[in-house]
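S.K.: Give me a 3D structure for the following:
(chains A and B)
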Amino acid sequence: MRKLALALERVTVELGGRNVVDGVSFAVDPGEWVTMIGPNGAGKTSLLRAITGLVPHKGEIRLGGVGTRQLRRREVAQRVSVVPQSPFLPAGMRVREYVLLGRTPYVSYLGREGRRDQAAAAAAIERLDLADLAQRELGTLSGGEQQRAVLARALAQEAPLLLLDEPTSALDAGRQQEALELIDALRLDAGLTVVAAMHDLTLAGLYASRLLLLSGGRVVAAGGPTEVLTEPLIAEHYGASVRVVEGAVIPVRR
Amino acid sequence: MTPRLWILAASLFLVVSLVVGALVGPVHIGLADAVQSAVARIPFLHVRSPLSPTDDAILWDIRVPRVVVGALVGAMLATAGASYQGVFRNPLADPYLLGVAAGAGLGATLAVVYLRGVDFQNTLPPAAFAGGAVAVVAAYAIGRSAGAGPGGATLVLAGVTVAAFFTAVQTFVQQQHSDTIQEVYSWILGRLPSSGWRDVIILLPYAAVAITGILLHRRLLDVLSVGDEEAASLGVHVGHVRLAVVVCATVGTAAAVAVSGLIGFVGIIVPHAIRLVAGPSYRLLLPLSVLVGAGFLVLADVIARTALSPAELPIGVVTAFFGAPFFAIVLRTSRRMASS
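M.R.: Prediction:
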């Protein structure tokens, strides 16, 4: 039997006395791209944070068959890399130094990066076409270049599971497409599993192999884009009037 | 410039500062004589010191130990400041952030007031050290009980609270014993001691351990610069790193303060000036802070000793008076932003 890349069983996250994630169960096969959609406050980000152990949870989360509670923090980081919604980029830090931070889970507490780590960072920089920018400071990069630097850091982490929280919300239409195509290419040639949270429904449906619609902390619909991106489901959970035309979710005036 | 060149340049700056610090003063000592006198101290070489016994004593029993204390205090304050700015991701953090200064001030005041008859010269440093340590432990306990804030914000607020309370107590005690204001005030302004090698022996072990401990964390401080949450998702226990660095920086700062009083500005200006010219990476920033902080304070002390000779300026006045305009120039001419 193939090991699941990620498995959640009745995962609940409580924040401020409220279950923002409420008994969520789902499984992700290796190599899949699963995107969570849902209105603001549906629990997407909290669920991603629970997977990396940034918020406490009830229930069971397994990474490659191992429960996250059995793993130390650095072991989790060796299995999951994260591209946060608004990554903090220290303005004066150089791209090369920043990408090398992705090797943190492999370096001992007071140790330094070895040749293997330098090579992994260099490969990630090469893969994301950042070689010319490697000596540039992060603050001098454009939005799209910054996004590539963040992806390179995640790639250098060499974790089989990549979590993306709104990976394209800060980018223009062209850069959004560029970033998502790039992530999909990485998924295919590095054999990554991708779990994302996204707001843009059309883009979500375009790139995911499977969608999970979260609402009120629960999974209310799951399946392929055509099964989840339907006018009634979107009306019910987003309170939005839309028309779905060939996978494109188009808002219409009420 | 490559990191190696920066380190070389900073080492050169330190060496020049140490030599200037040893030679310049009311009694001028030539470089050649000083070198020969140093060689004369090596046993079995049978070289005679060219200096008179008085000058020899001035050089080796007063000036050199004072220069060494200055270098240790400067290195300690600059390194502690840089590391506080790193763990709290706050460019305004200085080594006194968590109440070390206020606590040490209270300890020193109590020693001056109540142990005056006993020989407060010897009791002041341990009292100041204890006061500083108590204040930071109190700040940490309060910060912990209030829960973790983002970037250690709760801890910083707890430090401000404790500092205010200790300062209030210190001011009260001082007002009750106004005859001691002179001594307390001179300590608060900061001055390097001229009491020979004793202070070097007091300070050296603390500074060595603290600076080593901080330097060992320089890679992790770079990781922390992406924020608590991202550092955690990279596998780092942010709280552990913060505690380890704060303990090192605080112990070292308390020891420095105990020996030299409250010398301000070094812990902010030195790391920021380095950031502006050499970039924000802690791997380079921390070693450079050690070297430049040491040299900077030694030079500041030369000015403190000579500007109004034979009177002495408080060194804290010198660090701010010359440091602030220098920092303004660096800020203006640098193309980099002063980001932590």
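
S.K.: what's the spacing between B:Glu183 and B:Val112?
M.R.: As judged by Cβ to Cβ, to the nearest Å, B:Glu183 and B:Val112 stand 5 Å apart. (C-beta placed from N, C-alpha, C; glycine too.)

S.K.: Which phi and psi values does whichever residue of the stretch 1-150 of chain B sits closest to chain A adopt?
M.R.: Proximity of the stretch 1-150 of chain B to chain A (Cβ to the nearest Cβ) peaks at B:Arg89, 8.9 Å away. Dihedral pair for B:Arg89: phi 50, psi 50, per degrees, to the nearest 10.

S.K.: before we move on, back to that, with neighbour numbers in mind, choose between B:Glu183 and B:Val112.
M.R.: Between B:Glu183 and B:Val112, counted using other Cβ atoms under 10 Å in any protein chain shown, B:Val112 has the larger neighbour count: 25 against 18.

S.K.: so who does the more buried one touch?
M.R.: Going by Cβ atoms under 8 Å, 6 or more residues apart in numbering or on different chains, B:Val112 touches B:120, B:124, B:180, B:183-184, B:187.

S.K.: surely B:Ala40 meets B:Val47?
M.R.: Yes: counting by Cβ atoms under 8 Å, B:Ala40 does reach B:Val47; the two are 4.5 Å apart.

S.K.: out of the two, which sits in the more crowded spot?
M.R.: Higher neighbour count among B:Ala40 and B:Val47: B:Ala40, with 16 against 13, using other Cβ under 10 Å.

S.K.: mind checking the SS state of the residue nearest to the more buried one when sequence neighbours are not counted?
M.R.: Residue nearest to B:Ala40 in three dimensions, not counting chain neighbours: B:Ser49, with 4.0 Å by Cβ to Cβ, 6 or more residues apart in numbering or on different chains. Under DSSP: H, G, I helix; E, B strand; the rest coil, B:Ser49 falls in the coil class.

S.K.: Ramachandran angles for B:Ser49?
M.R.: phi -70, psi 130.

S.K.: hang on, it packs against B:Ser37?
M.R.: Yes: between B:Ser49 and B:Ser37 there is a contact at 4.2 Å, judged by Cβ under 8 Å.

S.K.: any residues in contact with both of these two?
M.R.: By Cβ under 8 Å, 6+ apart, the residues touching both B:Ser49 and B:Ser37 are B:Asp56.

S.K.: that older thread, what about the residue of the stretch 1-150 of chain B closest to chain A, distance to B:Ser83?
M.R.: When B:Arg89 is compared with B:Ser83 (using Cβ to Cβ), they lie 12 Å apart.

S.K.: Between those two, which has more neighbouring residues?
M.R.: B:Ser83 (32 against 21).

S.K.: Can you check my assumption that the more buried one lies in a helix?
M.R.: Yes: counting by three-state DSSP, B:Ser83 is located in a helix.

S.K.: Show the contacting residues for B:Met76.
M.R.: By Cβ under 8 Å, 6+ apart, the contact set of B:Met76 is B:95, B:203, B:207, B:210-211, B:252-253, B:255-256, B:293.

S.K.: Tabulate these (JSON lines), appending distance to A:Phe26.
M.R.: Shown next, in JSON lines, are the contacts of B:Met76 (distance: Cβ to Cβ, whole Å):
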{"residue": "B:Pro95", "distance to A:Phe26": "50"}
{"residue": "B:Leu203", "distance to A:Phe26": "60"}
{"residue": "B:Ala207", "distance to A:Phe26": "55"}
{"residue": "B:Ala210", "distance to A:Phe26": "49"}
{"residue": "B:Ile211", "distance to A:Phe26": "50"}
{"residue": "B:Gly252", "distance to A:Phe26": "51"}
{"residue": "B:Thr253", "distance to A:Phe26": "51"}
{"residue": "B:Ala255", "distance to A:Phe26": "56"}
{"residue": "B:Ala256", "distance to A:Phe26": "56"}
{"residue": "B:Gly293", "distance to A:Phe26": "54"}
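
S.K.: Looking at those residues, which has the smallest pLDDT value?
M.R.: Minimum pLDDT across those is recorded for B:Pro95, with 85.

S.K.: roughly how far apart are that residue and B:Tyr84?
M.R.: As for B:Pro95, its distance to B:Tyr84 is 6 Å (criterion: Cβ to Cβ).

S.K.: what does chain A put close to chain B?
M.R.: A:52-54, A:73-78, A:80-82, A:84, A:87-94, A:97-98, A:101-102, A:104-105, A:107, A:109-113, A:137, A:139, A:157 (Cβ under 8 Å from any Cβ of the partner chain).

S.K.: mind listing which of those are in strands?
M.R.: Per DSSP state E, strands hold the following members of the residues of chain A next to chain B: A:80-82.

S.K.: check whether stretch B:2-21 contacts chain A.
M.R.: No: among the residues of stretch B:2-21, none lie within reach of chain A under Cβ under 8 Å from any Cβ; the closest is 11.2 Å away.

S.K.: thinking again about what came up before, nearest to chain B among the ones in strands among the residues of chain A next to chain B?
M.R.: Distances from chain B to these, taken by Cβ to the nearest Cβ, are shortest for A:Val82, at 4.5 Å.

S.K.: I figured the closest one was touching A:Asp165, is that so?
M.R.: Yes: with contact defined as Cβ under 8 Å, A:Val82 and A:Asp165 form a contacting pair (7.3 Å).

S.K.: Spell out which residues are contacts of both of those two.
M.R.: A:Leu48.

S.K.: More neighbours: the two, which one.
M.R.: Taking neighbours as other Cβ under 10 Å, A:Val82 and A:Asp165 compare with A:Val82 leading, 27 against 21.

S.K.: mind checking pLDDT for B:Gly117?
M.R.: What the model reports for B:Gly117 is a pLDDT of 67.

S.K.: got it, and B:Ala148?
M.R.: At B:Ala148, pLDDT is 60.

S.K.: okay, and the common contacts of B:Pro95 and B:Tyr84?
M.R.: In contact with both B:Pro95 and B:Tyr84: B:249, B:267, using Cβ under 8 Å, 6+ apart.

S.K.: Please point out which parts of stretch B:10-25 sit buried.
M.R.: Going by neighbour count (16 or more other Cβ atoms under 10 Å in any protein chain shown), the buried part of stretch B:10-25 is B:10, B:13-14, B:17-18, B:21-25.

S.K.: what does stretch A:157-174 give?
M.R.: The neighbour-count check on stretch A:157-174 (16+ other Cβ under 10 Å) flags A:157-168, A:170-171 as buried.

S.K.: Just the closest of the residues you listed to B:Pro325, please.
M.R.: Closest approach between the buried residues of stretch A:157-174 and B:Pro325, by Cβ to Cβ: A:Ala170, at 40.0 Å.

S.K.: Name the nearest residue to that closest one, ignoring sequence neighbours.
M.R.: A:Gly143 (5.7 Å).

S.K.: Quantify the burial of that neighbour by counting its neighbouring residues.
M.R.: For A:Gly143, which is what you asked about, the neighbour count (other Cβ under 10 Å) is 12.

S.K.: Tell me who's in contact with it.
M.R.: Neighbours of A:Gly143 in contact, by Cβ under 8 Å, 6+ apart: A:170-172, A:175.

S.K.: sorry, back to before: so the residue of the stretch 1-150 of chain B closest to chain A touches B:Gly227, yeah?
M.R.: Yes: the pair B:Arg89 / B:Gly227 is scored as a contact, 7.1 Å apart, by Cβ under 8 Å.

S.K.: How about the contacts made by residue 84?
M.R.: All of this is about chain A. A:150, A:165, B:229-230, B:233.

S.K.: try chain B instead
M.R.: B:Tyr84 neighbours (Cβ under 8 Å, 6+ apart): B:90, B:93-95, B:97-98, B:246, B:249, B:267.

S.K.: Now it. Nearest residue, chain neighbours left out?
M.R.: Closest to B:Tyr84 by Cβ to Cβ, 6+ apart is B:Ala93, at 4.1 Å.
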